[in-house]
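Colleague: this one's structure only:
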């Protein structure tokens, strides 16, 4: 497709052969986020792993210190007192078999699913629906827990899940283009540090191979890996 004048101008402001320091890359991404909406700033990391092997899977959660800038809708599978705790913590949807039926009917208007351990028998029936959408609760991610109040609070206050895709790439948002550069840098550092610390036992050779920053509609900016500790 032919580039628009704006896209050409944006592309011209970024040297595609240069690897930029993190601070400069963030500044460039913000400068080129000129859409009529508040674009999301995203990190793309190419890792030296093959996620088809269990010992090379990279997956986890991280709390971004400056938040995500987006409203996260949370559904919780719980009963009794735990359901009350979830509601009090700000969960958008709370239920049990009734929530399962709602999801089976195709109504999924939430971004995170949390469940108490005793509800996993019910949630397990939704694996084919929630799994492909990355919504299946998982103890390792803190989304299968008795502390539903903390899980809801974390989800709404800036917690981000990351998971390596088939090609060995992780994509994750670190905030909005309207964020101050210092806030984006703090979130960037938190995310990258969490991914580096999640290096799997089966990873061989160089772990972080490439890293780029971009906004929803803007050009990608390559980041100098010498600034990334542990990469």
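Modeller: Okay, I see it. As the structure is a computational prediction, the values presented were derived from the model and not from experiment.

Colleague: rest of the way, CA atoms for contacts and neighbours
Modeller: Fine.

Colleague: for the chain, which helix is longest?
Modeller: Counting residues, the longest helix in the chain under DSSP state H turns out to be helix 181-197.

Colleague: Centre of the chain to the helix or strand that that one is followed by, how far?
Modeller: Where DSSP states H and E defines the elements, the next helix or strand beyond helix 181-197 is strand 208-215. The chain centroid and the centroid of strand 208-215 are separated by 14 Å under Cα atoms, centre = their mean, to the nearest Å.

Colleague: From the contact counts, what lies against strand 208-215?
Modeller: Applying 3 or more Cα pairs under 8 Å, 6 or more residues apart in numbering; DSSP states H and E, we find strand 208-215 packed against helix 22-31, strand 40-47, strand 221-222.

Colleague: Run a quick neighbour tally on residue 180.
Modeller: Using other Cα atoms under 10 Å, residue 180 is surrounded by 14 other residues.

Colleague: what's near enough to touch it?
Modeller: For residue 180, the contact set (Cα atoms under 8 Å, 6 or more residues apart in numbering) is empty.

Colleague: if you set the cut-off to 10 Å instead, what comes out?
Modeller: 26, 27, 30, 66 (Cα atoms under 10 Å, 6 or more residues apart in numbering).

Colleague: where along the chain do the strands fall?
Modeller: For the chain, applying DSSP state E gives strands covering 40-47, 59-63, 74-77, 93-95, 112-115, 159-163, 169-176, 208-215, 221-222.

Colleague: Who does the second one pair with, and is each partner parallel or antiparallel?
Modeller: Spelled out, it's strand 59-63. Paired neighbours of strand 59-63 in the sheet (DSSP bridges): strand 159-163 (antiparallel).

Colleague: pLDDT averaged over the strand it pairs with - what is it?
Modeller: The average pLDDT for strand 159-163 rounds to 89.

Colleague: From residue 160, how far out is residue 187?
Modeller: 10 Å (Cα to Cα, to the nearest Å).

Colleague: which neighbours do these two share?
Modeller: Residues touching both residue 187 and residue 160 by Cα under 10 Å, 6+ apart: 62, 63, 64, 67, 68, 173, 174.

Colleague: Who wins on neighbours among those residues?
Modeller: Neighbour counts for those peak at residue 174, which has 29 neighbours (criterion: other Cα under 10 Å).

Colleague: any low-confidence regions in this protein?
Modeller: 1-12, 230-231 (pLDDT under 70).

Colleague: circling back to that earlier point, who's more crowded, residue 187 and residue 160?
Modeller: Between residue 187 and residue 160, counted using other Cα under 10 Å, the more crowded position is residue 187 (23 against 19).

Colleague: ok so, going back, now tabulate the strands of the chain in CSV and tack on distance to residue 143.
Modeller: CSV is the format used below for the strands of the chain (distance: least, Cα to Cα, whole Å):
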stretch, distance to residue 143
strand 40-47, 23
strand 59-63, 10
strand 74-77, 9
strand 93-95, 14
strand 112-115, 5
strand 159-163, 11
strand 169-176, 18
strand 208-215, 27
strand 221-222, 33
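
Colleague: Any idea which of the ones you listed gets closest to residue 87?
Modeller: Relative to residue 87, the nearest member of the strands of the chain by Cα to Cα is strand 93-95, separated by 6.8 Å.

Colleague: Now that closest one: buried residues?
Modeller: 93, 94, 95 (16 or more other Cα atoms under 10 Å).

Colleague: Is residue 113 bridged to anything, and to what?
Modeller: Under the criterion used (DSSP bridges), residue 113 bridges to residue 75.

Colleague: Identify the residues contacting it.
Modeller: Per Cα under 10 Å, 6+ apart, neighbours of residue 113: 73-77, 91, 93-94, 123, 130, 134-138, 143-144, 151-152, 155.
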